[in-house]
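A.B. asks: got a predicted model here, sequence first, then my questions.
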Amino acid sequence: MESKKRKAVQEMNPIDSMATYLAKCIRKNNEHAGSEIALKYALSLTINTSLAIIFSLLISVFTNRFDETLIGICVFLLIRYVSGGVHLSSSLACCITSIFIFTTIANVPSEYTEIFVYLNAISFIILLFTAPNNIKDVSRVPQKFYPLLKIITLLIIFSNFFIKSTVFTAAFIIQAVLTTRYSYKIINYFERRQPH
């Protein structure tokens, strides 16, 4: 009974359903393609990210923050790629959360006040200890290059002390929090409460 409920919940996720359908089509038409599981994961990630970007940009048209949203998306995805962080098990939840994050980043005040200097510094300190984080299963970067990823992460954040962008700072502090153990505890808590 439990497995049937879990399967029903998964089938309600349109992103995973679409990824599964496309993966089966690819496997059917190309026997040399990767495994269906690997294809589904890659397609789910691609669809998830694409939808989050598209919907965030659509929202920005109505909020008149298109430039800030586009910059925020690029900066957040860049810093997340090199520093890692917590991942949601549901692609739909991940998509919705990403839209919320992108929209939040784009709508911070534009004036670079003292609080943003502190937030930038806090981001630097957190990622100094946590980056790169949880990227082994989601990145093809060899582990021997992880120290380089940390350096790149810190250089990106350090550059904002000169660029002084509030959008950059918002992206950095959110990403920094997502690499802490507290974010993992919160995500695990809510995911355990989901029906299985």
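C.D. replies: Sure thing, it's come through. Residues are numbered from 1 along each chain as shown.

A.B. asks: what's I79 sitting at in phi/psi?
C.D. replies: The phi/psi pair for I79 (degrees, to the nearest 10) reads phi -70, psi -30.

A.B. asks: pull the contacting residues for the closest residue to it other than its chain neighbours.
C.D. replies: In this structure, I79 finds its nearest non-sequential neighbour in Q175, 5.0 Å apart by C-beta to C-beta, 6 or more residues apart in numbering. Where C-beta positions appear, they are placed from N, C-alpha and C, glycine not excepted. By C-beta atoms under 8 Å, 6 or more residues apart in numbering, the contact list for Q175 reads F76, I79, R80, S83, G85, S123, L127.

A.B. asks: again, only this time at 10 Å
C.D. replies: Contacts for Q175 (C-beta atoms under 10 Å, 6 or more residues apart in numbering) come out as 75-80, 82-85, 101, 105, 123, 126-127, 130-131, 133, 153, 157.

A.B. asks: mind checking pLDDT for it?
C.D. replies: Reported pLDDT at Q175 in the predicted model: 97.

A.B. asks: longest helix in this structure, by residue count?
C.D. replies: helix 36-63 (DSSP state H).

A.B. asks: just to be sure, the residue nearest to I79 is in a helix?
C.D. replies: Yes: counting by DSSP: H, G, I helix; E, B strand; the rest coil, Q175 falls inside a helix.
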